[in-house]
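Q: compute the structure for the input listed below.
(one chain, ligands or ions: 2)
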Amino acid sequence: MKIAPAQRQELDFLRDTLDNLEKAAGRDKRDIFRGLRRRLDGWAAKVAVIGQVKAGKSTFLNAFLYNHDFLPSDVNPWTSVVTNIRINLPQDPISGGSFEFFAERDWDEIVSGESKIRKLTEQLLPGFDTKLLRKQSEEMRIRAEERLGKSFKDLLGTAHDYDFVTSDLLKAYVCAGPGMNGGKVTDATGQYSALTKVAHVYTRLPEFQVPTIITDTPGVNDPFLVRDEFTCRSLDKSDVFIVVLSAHQPLTDVDIALIRILAKQDNKDVMIFVNRIDELDDYDTDVPRVLDDVSRRLKGAIPDIDFSIVAGSGYMADLTLQDGEEAEEQRAALDDARLARYLKSRYGQVPEDRDDRLLLASGIGAIKSELSKVIDRGIGSSQLATIKGDIRAELEGVLFVNRRARDTLQTQVSHINGDVAAMAISDLKGEIETLKALHAKLEEQADSTEVQIEKVVGKAWSRLEKRLLGCIETFVDNQKTAFESHLFASKVRGGGSGKSLTIDLAPLQRAMEREVETAWTASRTGNDVVLNNCLTACRQILKDSYGDDTAAITLDDLPHQDFVSTLTLAQPALKVNLIANRSWAFWKKKTFNVEKTLEALRTIAAEELRPPIEKILAAFNEAQIERATAGNDRIHVMLRMFESSFNQRMHGMKKEMIEYEKVASDPDFRRVIVQRVQSQMEVIERRLINLSAIESSLARSDLAKAA
Ligand SMILES: Nc1nc2c(ncn2[C@@H]2O[C@H](COP(=O)(O)OP(=O)(O)OP(=O)(O)O)[C@@H](O)[C@H]2O)c(=O)[nH]1
Ligand SMILES: [Mg+2]
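A: Ligands and ions are numbered 1, 2, ... in the order given. Take a look at the predicted model:
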């Protein structure tokens, strides 16, 4: 099957356009289009496979990639490193991989920074997460050091590159091996994984029509929290998510929270794969029920989005990739009347070949065709749209420069023929002054825009920080009722059980998400207004001076139309001890102090939620800056094109002045010059024709897309 054939056409079109532009634009502009070509070649549709520990993500991906036992899978928590399978990226090696290690500062961040929390443990029971995180990261470091000995220090901040990656090699880098689970160190499994930050594997697969990066992730409820941030960051970068669920326990609250935040982002898509159907006793009748259940719960929690939900079994697909007797027996065992009934009712057909039957039931084909549709619909292509906008802007710039060059040649001809060489010299001097003044005006616009943007960005940042801290405050205050009712309930029940209370952070997360969304809209609108004003002003300046309409330079398709970060999910719950009042009555009956407990919660929340808030703010700022920079780049195309024709003009002028003087006295020289200018003109005319043809093909493709 071909995945994303329509998006391939768009990609091919952009590649051809850039090839043509490189040829048509003239030597001095070639680098601009080469740079755009490099960006285009770096684009890929980004798909992340996520889900709870042991949902079968790695097995599913192996089946997806027709590569049995490639990504390590196991009955124990296994994938511990975000693994990017990079398929068909033009600039990548055709095979091999690269494993990046943590740098010293990553470790510092992980291991330190929790000491204040530790102090609180004496008085209160803090969120179990923090204690565990600290313990785990220390263990991880110690084990990594034990395992790697002296080389540990040397490896920090470096990477290991390979020309060829085998599954054993992957096991050494991405598995939670004995080094992490406390078992014996017997083989290379997990040798480096405590130290590996991210893995990249390069491969070519003809089925994928566009470059695609598929990411295998550690389970979302992986007890190894240290990895959480890296997982979240890679999720932020993905466009399509395949959430793998297990058919036994289809949808937890954590799953729903995750799906909600992923699906809410514009131009991203979430697909659900209900895996392990082979483990349901009567999957021929149970699957519809399970799918109904998943779909109903999703509708309830996220009513405005329709999810595509596919049922299947990574295991069934994986079996068809295996040789040997054991696999044959397992295939035979699965190939029963139940399978036939399932295929008949779900797909309306029962293929003749056993492998085809298993493959169809596995759902891998179904999810592939969903993925293909999603990418073809344009999900993940926002970067392509940005590149296309940049191509249009640069092309406009090259057209502008060439039109000015043509104007210049035309004046030259009239000067030479008109016996006005002497006058022309003073004209030229005047022209230089005008050009200089024009340039100063454009630069002034661009400079003041940069200053204004800096202000907008800074303001949005500090405002968001204040609002997020405010969210925590309000949230803590709102817990008073929860505390009181908890105390009341435990008294009614006769006390005893309710000494500590776990506080669900979901409402807080939702409030923070809303704040982030509002802040983003404000920042984006503010920046866009500033950029647009500048663009309009520059356009007007050029129009007044040359009559050129530079309408193709726009602020369309800048990155980050929306910003939602999965980092708001960092922590699911906080745990607090209820603080007892030590009054005399205490000896008879325990009473708990709501106010003191509230105060304790305030301290815990402030301490524990500070790091996630900082991460959200950093990601928010990164996105703000990326968008503003992209907008600014478009404006600078105008400045550059003007400078370029200005320089050309200056460059030619000295020579022209000397020539004009000579032309007046020497008719033969005049003929030579006229011929030269005419042939230069022809070159430029031809170039303008070619460039205009490319321009209209770009416009046609936009029209076709819009339709
Ligand atoms: N019966 C059955 N077993 C499966 C299926 N998919 C995966 N498994 C098995 O479940 C276990 C876990 O699979 P993995 O692919 O390692 O799961 P994972 O989600 O990648 O796990 P982590 O990386 O630890 O989060 C392995 O023993 C697989 O063979 C399935 O569809 N059916
Ligand atoms: Mg895995």
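Q: now do the same for residue 646: its pLDDT.
A: Here the pLDDT value assigned to residue 646 is 85.
Q: check the one 5 residues further on too.
A: Per-residue confidence for residue 651 comes out at a pLDDT of 80.
Q: and what of residue 587?
A: 49.
Q: cool, the one 10 residues further on as well?
A: We note a pLDDT of 77 for residue 597 in this prediction.
Q: excluding its backbone neighbours, what's nearest the residue of the stretch 351-500 of the chain found nearest ligand 2?
A: Taking Cβ to the ion as the measure, the point where the stretch 351-500 of the chain comes nearest ligand 2 is residue 364, at 16.4 Å. (Each C-beta comes from the backbone N, C-alpha and C, glycine too.) Excluding the flanking residues, the one nearest residue 364 by Cβ to Cβ, 6 or more residues apart in numbering is residue 317, at 4.5 Å.
Q: what about the one you found, which SS state?
A: Recorded secondary structure, residue 317: helix (DSSP: H, G, I helix; E, B strand; the rest coil).
Q: contacting residues for it?
A: Residues near residue 317 by Cβ atoms under 8 Å, 6 or more residues apart in numbering: 63-64, 358-359, 362-364.
Q: need the max-distance pair from these.
A: 64 and 358 (14.8 Å; Cβ to Cβ).
Q: neighbours of the residue in the stretch 401-550 of the chain positioned nearest to ligand 2, how many?
A: Per Cβ to the ion, residue 509 is where the stretch 401-550 of the chain lies closest to ligand 2, at 25.6 Å. With neighbours defined by other Cβ atoms under 10 Å, the count for residue 509 comes to 21.
Q: cool, residue 300 as well?
A: 9.
Q: what about it, which SS state?
A: helix.
Q: and for residue 98?
A: Going by three-state DSSP: residue 98 is strand.
Q: which ones are touching it?
A: Residue 98 neighbours (Cβ under 8 Å, 6+ apart): 159-162, 199-200.
Q: same thing but at 10 Å, please
A: Contact analysis of residue 98 by Cβ atoms under 10 Å, 6 or more residues apart in numbering lists 84, 86, 92, 159-162, 165, 173, 198-202.
Q: sorry, back to before: what helix or strand does the residue of the stretch 401-550 of the chain closest to ligand 2 sit in?
A: helix 506-546 (DSSP states H and E).
Q: pull the distance from that helix to the chain's centre.
A: Centroid separation between helix 506-546 and its chain, computed with Cα atoms, centre = their mean, to the nearest Å, is 20 Å.
Q: re the thing from before, look up how far ligand 1 lies from the residue of the stretch 351-500 of the chain closest to ligand 2.
A: 10 Å (Cβ to the nearest ligand atom, to the nearest Å).
Q: enumerate every residue touching that residue.
A: Taking Cβ under 10 Å, 6+ apart, one finds 1, 60, 63-64, 66, 273, 310, 312-314, 316-318, 320, 358 in contact with residue 364.
Q: and it, what pLDDT?
A: In this prediction residue 364 is given a pLDDT of 96.
Q: kindly report the same for the one 5 residues further on.
A: For residue 369, the model assigns a pLDDT of 96.
Q: who's in contact with it?
A: Taking Cβ under 10 Å, 6+ apart, one finds 1-3, 308, 310 in contact with residue 369.
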